[in-house]
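Novice: Provided below for reference: sequence and predicted model.
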Amino acid sequence: MHGHKISAAPDYTNAALVSFAINLAWIFFAIWAAFGLVPVLLLAMMLNHLIGRLQARRRG
């Protein structure tokens, strides 16, 4: 291990975002099938609000 150089870790941001979007889509579809469109819209609004709060917090 003494001769090996340490390289930078690969950036998996895009893969993680795509995976998140796919999982979110099937969860929304399952909620829609079970309970209707209104709970999906409420969940989407809640997630949008939480993402907005995180964005504002990161900006300071």
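Specialist: Happy to help now that I have it.

Novice: now A8. Its backbone dihedrals?
Specialist: Backbone torsions for A8, taken as degrees, to the nearest 10, come to phi -70, psi 150.

Novice: tally of neighbours for P39?
Specialist: P39 has 13 neighbours, counted by other Cβ atoms under 10 Å. Quick note: C-beta positions are derived from backbone N, CA and C, even for glycine.

Novice: where in the chain is pLDDT low?
Specialist: The model of the chain has pLDDT under 70 over residues 1.

Novice: and if we set it to 80?
Specialist: Along the chain, segments meeting pLDDT under 80 span 1-4.

Novice: show me where it has helices.
Specialist: Remark: helices assigned in the chain by DSSP state H are 13-35, 37-59.

Novice: measure V38 to W32 for me?
Specialist: Applying Cβ to Cβ, to the nearest Å, the value for V38 to W32 is 9 Å.

Novice: list residues touching both of these two?
Specialist: Counting by Cβ atoms under 8 Å, 6 or more residues apart in numbering, no residue touches both V38 and W32.

Novice: which of the two has more neighbours?
Specialist: W32 (15 against 9).

Novice: surely the more buried one touches V40?
Specialist: Yes. Using Cβ atoms under 8 Å, W32 is in contact with V40, at 4.8 Å.

Novice: can you list phi and psi of K5 for me?
Specialist: Reported as degrees, to the nearest 10, the phi and psi values for K5 are phi -90, psi 140.

Novice: from Y12, how far off is the residue nearest to the spatial centre of the chain?
Specialist: Nearest residue to the geometric centre of the chain (Cα atoms, centre = their mean): F20, 4.3 Å. As judged by Cβ to Cβ, F20 and Y12 stand 12 Å apart.

Novice: picking up where we left off before, got TSV for the helices of the chain, with distance to K5 too?
Specialist: As requested, those are exported to TSV (distance: least, Cβ to Cβ, whole Å):
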stretch	distance to K5
helix 13-35	24
helix 37-59	33
